[in-house]
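Participant: sequence first, predicted model second:
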Amino acid sequence: MTFDLAQNYPNPFNPTTTIAYRVSQASNVRLVIYNVLGQPIATPVRHFHPAGNYRSHFDGTELSSGVYFYRLFSDGQLVQTRKMLLSR
């Protein structure tokens, strides 16, 4: 099984961004946003997905400017991480 996690768009963002990802077969998917300390701050996606392309919208209105990371988990085994920048 494979999946792809795209770079968020726009990046830098203020205050919303879109994160696109693709899963090659049906699986439980979780998308988690982390601060620079590695603490989870949001989980915009936690669903079972059939194979396909997906988008998640993230609203950083309550967050301060800075670097954040987003990580996609698929069935708890596969992981990809990317960096994004919130700029006010």
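Facilitator: Yep, that arrived. Numbering: from 1, shown residues only.
Participant: and the contacts of the worst-scoring helix or strand of the chain on mean pLDDT?
Facilitator: Within the chain, no helix or strand scores below strand 3-5, which has a mean of 87 by mean pLDDT, DSSP states H and E. The contact list for strand 3-5 (CB atoms under 8 Å, 6 or more residues apart in numbering) reads 19, 21-24, 27, 29, 70, 72, 74, 78, 80-82. All C-beta atoms are positioned from the backbone trio N, CA, C, and that covers glycine.
Participant: buried ones only from these, please, as a ChimeraX command.
Facilitator: Buried subset of these, written as a ChimeraX selection, criterion 16 or more other CB atoms under 10 Å:
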select :19,21,23,27,29,70,72,74,78,82
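Participant: list the contacts for Phe13?
Facilitator: Taking CB under 8 Å, 6+ apart, one finds 60, 84-87 in contact with Phe13.
Participant: got phi/psi on it?
Facilitator: phi -130, psi 160 (degrees, to the nearest 10).
Participant: partners of it in the sheet?
Facilitator: Going by DSSP bridges, Phe13 is paired in beta bridges with Leu86.
Participant: so for it, what's the pLDDT?
Facilitator: Here, the pLDDT recorded for Phe13 equals 97.
Participant: pull up the gap between it and Val79, please.
Facilitator: Per CB to CB, to the nearest Å, Phe13 is found 22 Å from Val79.
Participant: re earlier: buried ones among the contacts of Phe13?
Facilitator: Buried members of these, counted by 16+ other CB under 10 Å: 60, 84, 86.
Participant: closest to Gly52 out of these?
Facilitator: Using CB to CB, Met84 is the member of the buried ones among the contacts of Phe13 that lies nearest Gly52, at 22.9 Å.
Participant: which residue, neighbours along the chain excluded, lies closest to that closest one?
Facilitator: Closest residue to Met84 apart from its sequence neighbours, by CB to CB, 6 or more residues apart in numbering: Asn8 at 4.7 Å.
Participant: flag the least confident of the contacts of strand 3-5.
Facilitator: Leu78 (70).
Participant: returning to what we had before: of the buried ones among the contacts of Phe13, closest to Asn53?
Facilitator: Of those, the one sitting nearest to Asn53 (CB to CB) turns out to be Met84, at 19.3 Å.
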